[in-house]
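1. Need a 3D model of the sequence below.
(chains A and B)
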Protein chains: 2
Amino acid sequence: MNKRADLTPMMKPRSVAIIGASRDPHKVGNVILQNYISAGFPGKLYPVNLNSDEVLGLKAYKSVLDIDDSVDLAVIAIPAPAVPGALEQCGKAKVKSAVVVSGGFAEIGETGLQDKIAGIAKKYSIALVGPNCLGVMDMRSKVDTLFLPTKKLSKPKVGFVSFVSQSGAVGSTVLDVIAGEGIGLSKFISYGNAAYIDETDILEYLMGDPETKVIVLYIEGIKRGREFVELARKLGRSKPVIVLKAGRTSAGMAAAQSHTASLAGNYAVQEAIFKQFGFIVANDLSELLYYAKIFASEMRPKGNRVGVITNGGGAGVIAADEIGSSKYLQMADYSAATKKSLRKIMPALVNIKNPLDLAGDADSRRYMDAMNALGSDPEVDMLLVIILYQTPGADPGVTREVVQKKITLSKPLLVVSVGTEYTQRQAKLLEEGGVPVYDSPISAVSSLEALFKYTEFKKRIATG
Amino acid sequence: MNKRADLTPMMKPRSVAIIGASRDPHKVGNVILQNYISAGFPGKLYPVNLNSDEVLGLKAYKSVLDIDDSVDLAVIAIPAPAVPGALEQCGKAKVKSAVVVSGGFAEIGETGLQDKIAGIAKKYSIALVGPNCLGVMDMRSKVDTLFLPTKKLSKPKVGFVSFVSQSGAVGSTVLDVIAGEGIGLSKFISYGNAAYIDETDILEYLMGDPETKVIVLYIEGIKRGREFVELARKLGRSKPVIVLKAGRTSAGMAAAQSHTASLAGNYAVQEAIFKQFGFIVANDLSELLYYAKIFASEMRPKGNRVGVITNGGGAGVIAADEIGSSKYLQMADYSAATKKSLRKIMPALVNIKNPLDLAGDADSRRYMDAMNALGSDPEVDMLLVIILYQTPGADPGVTREVVQKKITLSKPLLVVSVGTEYTQRQAKLLEEGGVPVYDSPISAVSSLEALFKYTEFKKRIATG
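-> The predicted structure follows:
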């Protein structure tokens, strides 16, 4: 690995200095230190503050140079003009990595100041992330440089999805939703203006990270095109990468320029490259999350034939339409044995077709029978299970059956469920049980399609 | 109006007979009667039950013929083979309208039985809705023939959106979500197999209904093509109609056939007709709801220039991309006066551009200033306000400012907000304040686009 792409000192630090750690609870430096303490970070914490000897009960230092320990990570949260001086001190103190959360650099035209800190990072080989970023989070090491009010964000569970976001606010929003959707997180890296460490470095690090099985990427610009393409070729073969590239249109490019000072580049070319290397391309935040959810489940289909189970005929028709419109998926045709066994166990009102409409009075037993039949049918590769909990028969028993089935089933299975309180409680139970839940047939089908396309890509590269 | 399309006796009945009203709380007839009683239906209720003299505290009758009153509406919830007999009695008793909720007709191949009840309805001029449907709901008259467990559905508030659904389960799901999204409902009609009264009749009734300002339509088939087209031409000029036609592909058509015995027809032709008459076409349940929400707000834009306000740069870039990709919308270019006044009131970190990125520390004051400036700028036709509540400054104060601004603003304004508990509480407050909230830039932009296209359509028919 390219040495500067080794983010181990940042993600797994034994010691962290917080430069700008403040006693004032409204200051970013206070929030960050408090977050480390609350999270139970097991390493050493060194607040650096010019004016206080103690912050939040910890001894404070005037400079990193005063710390009598080697520092793996410095989190820098001070006004932009003071950053170069502090970073220079980090260099002299042999600090290995730094996250500059402060804004006030290239995004407001201060490119000179930004070049200056990039130069210092290079001179001292400091793995520098930022400026103008939220920083990093590692769910296992409990590193967390985010300066966000915890009551406003749900905390994700520990898992294997790593999320890289150029934008801090998009990052925090997606983190919140990832938590709400029950997706397990490994690492979060918000890298802002990318003065030194950029998307290519971060992706190279995550490619080699055994704690990362799926990468979710939000970018506005690509700094080093040639290096990015070289890495992307290898990365696509190694792990699923879900990418949302903002700045696709001239309106978006202008906005990206003033947001993270990114030159967005030609999106048609970028998209072609992403697709060639097997990246899963999202066009919106919602798509990014849909895809993240299904890839996080680590399900992989054997083929493209979808069996649809529903307790609402209309929702089944909409799902069939979506599958019918897909260039990649098709409606499964059940085997003769499945048809026969379904005809035997299902009430006369149920037509033995795909979608299998279990009718509005379908209960847990009927869902179980249907999932068992399609689950063991070799003509069915994936199961799309629609549960409209507003109907009389759909109750927590159905939820339990689906979660049970998911444990033993070797095929991808997801649920479509739409509604308010009652439905949302059941959806949460399903997701806690590892079943991805979608709020519309269209998002479910497009997620299954992405999964199938990626599986095909992997097959293609495996065979030559 | 075509006489059979007069659904007044059904929607505003003075007296309702419930045929199949049962003492058994698991029976549909019991649930329906109970719902009428719980809802405080102000008219007369007549349970009809062969075996009991009393149901739920009300005197029960052996037949509608025994009721010593004129009956406006009969709700029929008995096994399919018994329906023709009961309906014949309704005819003799001069019952004006009937809702047959029972299934077991054309959807399982029993076309003879279905033709029979259609014939009886015609013979006696009974406005018959169904069979195989959920029936009807009128939020003002408190008519409610739905047999759904109330704890599983939120109840919509009273409003001006009427929702017509061929499918019962889609109907109940959309009703639940309509309630959750704070959309005000006027009438709900689930008409199932459409043995007699069909979508054309219902739309004709709603076209003349002053309590209906927006029509949301879920259909699987169109029964009388020529009459539908004739009506659609007039209807499109009179009210916004949002339509989701399922059975667009051959897979969907096959599914529709076994669901409501609908012949789905050629979708390309249907879609062209819908668009020609100004209908707003949705491709999925989620789109149907997005559009319903923005049209329910009764906002109409003067032009296509969107001003974007955000506290998350990345989300602003995504919104700019969506607007940039739209064939109809464009990013507004603020007037010189707006730019000047914004530069004066905004902090130096804020670039005076569109999107207007207020930065992660934006508070209610900054949002208020931004909305005031763009709200009064003649170069801005619509406001898309992104609030990422995960950021430090976004709090209930921002929510209050947006709700306040909405009251006085003459331009369409909607909010994009994504997140879990904290965000969802704020979103609910916004929607209660009449501000439509979207969970992604893509859905918000496509809703603004639908609104703009409809406004253009109205202008076009007014001038030519």
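2. ranges for the strands of the stretch 251-400 of chain A?
-> A:280-282, A:305-310, A:330-331, A:356-357, A:382-386 (DSSP state E, counting those that start in this stretch).
3. per the record, what domains does chain A have?
-> Annotated domains of chain A cover A:3-295, A:300-463 [automatic domain parsing].
4. Out of those, which is closest to B:Thr423?
-> B:Thr423 lies closest to domain A:3-295 among the domains of chain A, at 7.0 Å (C-beta to C-beta). Every C-beta, even on glycine, is put in place using the N, C-alpha and C of the backbone.
5. Quote the end-to-end distance of the closest one.
-> 30 Å (C-alpha to C-alpha, to the nearest Å).
6. Same check on stretch A:118-131?
-> Using C-alpha to C-alpha, one end of stretch A:118-131 lies 10 Å from the other.
7. Now it: average pLDDT?
-> Mean pLDDT, stretch A:118-131: 96.
8. Please apply the same query to stretch A:227-236.
-> Here the average pLDDT along stretch A:227-236 is 95.
9. which of the residues in it are buried?
-> A:Glu227, A:Phe228, A:Leu231, A:Ala232, A:Leu235, A:Gly236 (16 or more other C-beta atoms under 10 Å in any protein chain shown).
10. Next, format the residues you listed as TSV and append distance to chain B and secondary structure.
-> What follows is these, written out as TSV (distance: C-beta to the nearest C-beta, whole Å; DSSP: H, G, I helix; E, B strand; the rest coil):
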residue	distance to chain B	secondary structure
A:Glu227	23	helix
A:Phe228	19	helix
A:Leu231	22	helix
A:Ala232	21	helix
A:Leu235	22	helix
A:Gly236	23	helix
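11. can I get the residues you listed in JSON lines with distance to A:Asn311?
-> Putting the buried residues of stretch A:227-236 into JSON lines (distance: C-beta to C-beta, whole Å) gives the following:
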{"residue": "A:Glu227", "distance to A:Asn311": "51"}
{"residue": "A:Phe228", "distance to A:Asn311": "47"}
{"residue": "A:Leu231", "distance to A:Asn311": "46"}
{"residue": "A:Ala232", "distance to A:Asn311": "43"}
{"residue": "A:Leu235", "distance to A:Asn311": "41"}
{"residue": "A:Gly236", "distance to A:Asn311": "39"}
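12. Name the nearest of these relative to B:Asp66.
-> Closest to B:Asp66, out of all of the buried residues of stretch A:227-236 and judged by C-beta to C-beta, is A:Gly236, at 75.2 Å.
13. Was I right to think that closest one contacts A:Phe277?
-> Yes. Taking contacts as C-beta atoms under 8 Å, A:Gly236 lies within contact range of A:Phe277: 3.3 Å.
14. correct me, but A:Tyr267 touches A:Ala246?
-> No. Counting by C-beta under 8 Å, A:Ala246 is not a contact partner of A:Tyr267; they are 9.5 Å apart.
15. quick one: which of the two has more around it?
-> A:Ala246 (34 against 17; other C-beta atoms under 10 Å in any protein chain shown).
16. OK, contacts around that one?
-> A:Ser167, A:Tyr218, A:Ile219, A:Glu220, A:Gly252, A:Ala255, A:Ala256, A:Ala264, B:Gly314, B:Val317, B:Ile318, B:Asp321 (C-beta atoms under 8 Å, 6 or more residues apart in numbering or on different chains).
17. most surrounded residue in those?
-> Within the contacts of A:Ala246, B:Val317 tops the neighbour count with 37 neighbours, counted by other C-beta under 10 Å.
18. contacting residues around it?
-> For B:Val317, the contacting residues are A:Ser167, A:Glu220, A:Ala246, A:Gly247, A:Gly252, A:Ala255, A:Ala256, A:His259, B:Pro355, by C-beta under 8 Å, 6+ apart.
19. Swap in 6 Å and give it another go.
-> By C-beta atoms under 6 Å, 6 or more residues apart in numbering or on different chains, B:Val317 lies in contact with A:Glu220, A:Ala246, A:Gly247, A:Gly252, A:Ala255, A:Ala256, A:His259.
20. try A:Arg460
-> Contacts of A:Arg460 (C-beta under 6 Å, 6+ apart): none.
21. Just the element for it, please.
-> helix A:441-463 (DSSP states H and E).
22. any low-confidence regions in the stretch 251-400 of chain A?
-> A:260-264 (pLDDT under 70).
23. Kindly report the residues of it close to chain B.
-> Proximity of the stretch 251-400 of chain A to chain B, by C-beta under 6 Å from any C-beta of the partner chain, involves residues A:251-252, A:255-256, A:258-259, A:284-286, A:312-318, A:320-321, A:323-325, A:331, A:349, A:351, A:353, A:355, A:360, A:388-392.
24. Show the buried residues in those residues.
-> A:251-252, A:255-256, A:258-259, A:284-286, A:312-318, A:320-321, A:323-324, A:331, A:351, A:353, A:355, A:360, A:388-392.
25. What does the residue located most distally from the centre of chain A show for phi and psi?
-> Relative to the centre of chain A, and counting by C-alpha atoms, centre = their mean, the farthest-placed residue is A:Ala348 at 44.8 Å. The phi/psi pair for A:Ala348 (degrees, to the nearest 10) reads phi -60, psi -30.
26. Now the lengthiest strand in chain A: average pLDDT?
-> Longest strand in chain A, counting residues (DSSP state E): strand A:157-165. Regarding strand A:157-165, the rounded mean pLDDT is 96.
27. Distance to B:Gly303 for the domains of chain A - can I get that in a markdown table?
-> Converted to a markdown table, the domains of chain A look like this (distance: least, C-beta to C-beta, whole Å):
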| stretch | distance to B:Gly303 |
| --- | --- |
| domain A:3-295 | 16 |
| domain A:300-463 | 30 |
